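Chemist: Build me a model:
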Amino acid sequence: MQSILKESLAGSIKAKELFFAESSQLLQDVVEEIIRSFARGGKLVLCGNGGSAADAQHLAAEFVNRFLIDRKPLPALALTTDTSILTSVGNDFSYNDIFAKQLQALGKPEDVLIGISTSGNSGNVINAIEVAKDIGMITVGLTGGNGGKIAPLVDVLLNVPVNHTPHIQECHIWIEHMLCQLVDERLFGCLQ
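Modeler: Prediction:
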């Protein structure tokens, strides 16, 4: 067990180091886009499947409630939470439309969409990105591996360049926490 723990820890650290080396400036760019969105009266919109759905909800909660400091709520919405919408769209149309139809109803050009997909190939996230682009929203992909089909579609790609799903997901949660912390730092001052 000790060797499995050490190997997993090393892989998780390596994923974060590779992401940081390749994309730390892009992460800062996304922070600035989110801040601009909030200043224009927009919101952060998130979507994903499975663990990425949980991440979308987690990140929205950090913005709306708080991350490290008590501050005013910031506008964020996970498209993964309304089971009536998800199941009606999935039943009446297609599972690939569950996020796109919500964006058609709720999305504004001032908003930022973060589509989370470990593989970069989730059909419903791809459809959401395409609708968001049609609306005029800034689109961000949070992916792994080579970024998949999402890579060429988004305005900004935050890609974890490894293929081991758990390490991609571990890095995603770090990236999401850094988005919260850096936005709070820029809007509300030093968090230390």
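Chemist: so where's the chain uncertain?
Modeler: Within the chain, the stretches with pLDDT under 70 are 190-192.
Chemist: which stretches of it form helices?
Modeler: Using DSSP state H, the helices of the chain run over 2-39, 51-64, 83-92, 100-106, 123-135, 165-188.
Chemist: For the residue lying closest to His58 once chain neighbours are set aside, list the residues it contacts.
Modeler: For His58, ignoring the flanking residues on the chain, the nearest one in space by CB to CB, 6 or more residues apart in numbering is Glu176 at 6.9 Å. All C-beta atoms are positioned from the backbone trio N, CA, C, and that covers glycine. Taking CB atoms under 8 Å, 6 or more residues apart in numbering as the definition of contact, the neighbours of Glu176 are Asp55, His58, Leu59, Glu62, Leu142.
Chemist: gap between the fourth one and Asp55?
Modeler: Glu62 sits at a distance of 10 Å from Asp55 (criterion: CB to CB, to the nearest Å).
Chemist: Compare neighbour counts for the two and give me the winner.
Modeler: Regarding Glu62 and Asp55, a neighbour count based on other CB atoms under 10 Å identifies Asp55 as having more, with 23 against 20.
Chemist: Can you tell me how far that one is from Leu157?
Modeler: With distances taken as CB to CB, Asp55 is found 16 Å from Leu157.
Chemist: for Pro75, same thing?
Modeler: Summarising the geometry, the distance separating Pro75 from Leu157, computed by CB to CB, is 24 Å.
Chemist: Looking at these two, which has the bigger crowd around it?
Modeler: Leu157 (19 against 15).
Chemist: beta partners for that one?
Modeler: Gly141 (DSSP bridges).
Chemist: got a list of what it touches?
Modeler: Under the criterion of CB under 8 Å, 6+ apart, the contact partners of Leu157 comprise Ser23, Leu26, Val140, Gly141, Thr143, Gly147, Ile150, Ala151.
Chemist: count of residues packed around the fourth one?
Modeler: A total of 26 residues lie near Gly141 under the criterion other CB under 10 Å.
Chemist: likewise the last one?
Modeler: The number of residues packed near Ala151 is 14, by other CB under 10 Å.
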